[in-house]
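> structure, please.
(one chain, ligands or ions: 4)
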Amino acid sequence: MERHITLGEFIIQNQKDFPYAKGELSALLSSIRLAGKMVNQEINKAGLANIIGAAGVENVQGEAQQKLDVLANDMFISTLRKRGEICGLASEEMEEHIVFNDEIHSNARYVVLIDPLDGSSNIDVNVSVGTIFSIFRRVSEPGTPVTLEDFLQPGHKQVAAGYLVYGTSTMLVYTTGNGVHGFTYDPGIGSFFLSHPNMRVKENGKIYSINEGNYVHMPEGVKKYIKWCQELDPATNRPLTSRYIGSLVADFHRNLLKGGIYIYPKGTKAPKGKLRLLYECNPMAFLIEQAGGKASDGHTRIMDILPTELHERVPFFCGSSEMVDQAEAFLREYQ
Ligand code: AHG
Ligand code: MN
Ligand code: MN
Ligand code: MN
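Ligands and ions are numbered 1, 2, ... in the order given. The predicted model follows:
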């Protein structure tokens, strides 16, 4: 029986995707893969190892940091620091970006933005969580310290993005702008194998994913769209199905495979929405577009937004293209 190829083999085969990369981006992806395996190992034994629960401090987002948020953040930073592919990193869990300003790193040409542990509130209840990453080429001169401007680039400049989902099986899904490819982890062997080549999202799906508990806070257009999803109309396959895990990675992954829309709108409680443009929305937008779908803030393409600060939040509408178009039409009509 022909075996699946590994992530390592796939990366090497596709190095020609990056004409000016000289293998650095490949090496960077393999660092992320290694850190992901380490985080996966910790998550798998979370209930036994006294690493569930709150760390006792708040992060820059105003959220109670979980022990695994801190652990995953530290593991990604220390693993990426061990090699010389990036000159700096920004994380949901840290107020400012880190400058890797020593001899091995200052000539590096890439920066990483990361949500080390997505879906923190699901850790203690044994529900899927993930890691999201986004990679840019720096705009400042190699050899100089990385600057904030290197991180504040619009999403369409990403050279790679992806996520790990620590679910019933652990997967790594990524794009370098040449389609979306998914790899499933075999823990016995310790390798990721290509299980989902060229992932495509349906143009129209049956699932809508939104935290409906926020209904009273939502813009009128979103309320109307939700009601539209719930109406009976066999011609458009309605009512749709509601699915919401509360881990963006897991909700996104399911909708990517089955077709659907994920929405985190702005509201009276969160005037700019909750999700972070740089660590969550940009990478997911790159992936969904590469899979044939769409991502917007309800009006503007996510990857065209010019960020002004690291922890900027944006409303997020992401998934099957016809569903995102439909939700946008409701927003245009009702506000
Ligand atoms: P994080 O755990 O990285 O802070 O992200 C939490 C995000 C995202 O994963 C999820 O989709 C969303 O918050 C859930 O928010 P609500 O609990 O408000 O629905
Ligand atoms: Mn968080
Ligand atoms: Mn997150
Ligand atoms: Mn997080």
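
> quick one: residue 37 from ligand 3, how far?
20 Å (CB to the ion, to the nearest Å). Placement of C-beta: from N, CA and C, glycine included.

> packing partners of the one helix or strand that residue maps to?
For residue 37, the host element (DSSP states H and E) is helix 24-44. If contacts are counted by 3 or more CB pairs under 8 Å, 6 or more residues apart in numbering; DSSP states H and E, helix 24-44 sits against helix 7-13, helix 67-82, strand 110-118, strand 129-137, strand 160-166, strand 170-175.

> among these, which comes closest to ligand 1?
For the helices and strands packed on helix 24-44, proximity to ligand 1 was assessed by CB to the nearest ligand atom; strand 110-118 is nearest, at 4.1 Å.

> mind giving me the packing neighbours of that closest one?
With 3+ CB pairs under 8 Å, 6+ apart as the test, strand 110-118 has helix 24-44, helix 67-82, strand 86-91, strand 129-137, helix 148-151 packed against it.

> kindly export that strand (C-alpha atoms) in CSV.
Extracted in CSV, the C-alpha atoms of strand 110-118 (Å, rounded to 0.1, in the frame of the first residue of the first chain):
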residue,chain,number,x,y,z
TYR,A,110,10.5,36.7,8.3
VAL,A,111,8.3,37.6,11.2
VAL,A,112,5.6,35.4,12.8
LEU,A,113,2.4,36.4,14.4
ILE,A,114,0.7,33.8,16.6
ASP,A,115,-2.3,32.8,18.6
PRO,A,116,-0.5,30.1,20.6
LEU,A,117,-3.6,28.6,22.2
ASP,A,118,-6.9,29.4,20.6
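
> and ligand 1, is that strand touching that?
Yes. Judged by CB under 6 Å from any ligand atom, strand 110-118 and ligand 1 are in contact via 115, 118.

> per-residue pLDDT, the residue in the stretch 201-335 of the chain that ligand 4 sits nearest to?
Nearest residue of the stretch 201-335 of the chain to ligand 4: residue 279, at 7.3 Å (CB to the ion). For residue 279, the model assigns a pLDDT of 98.
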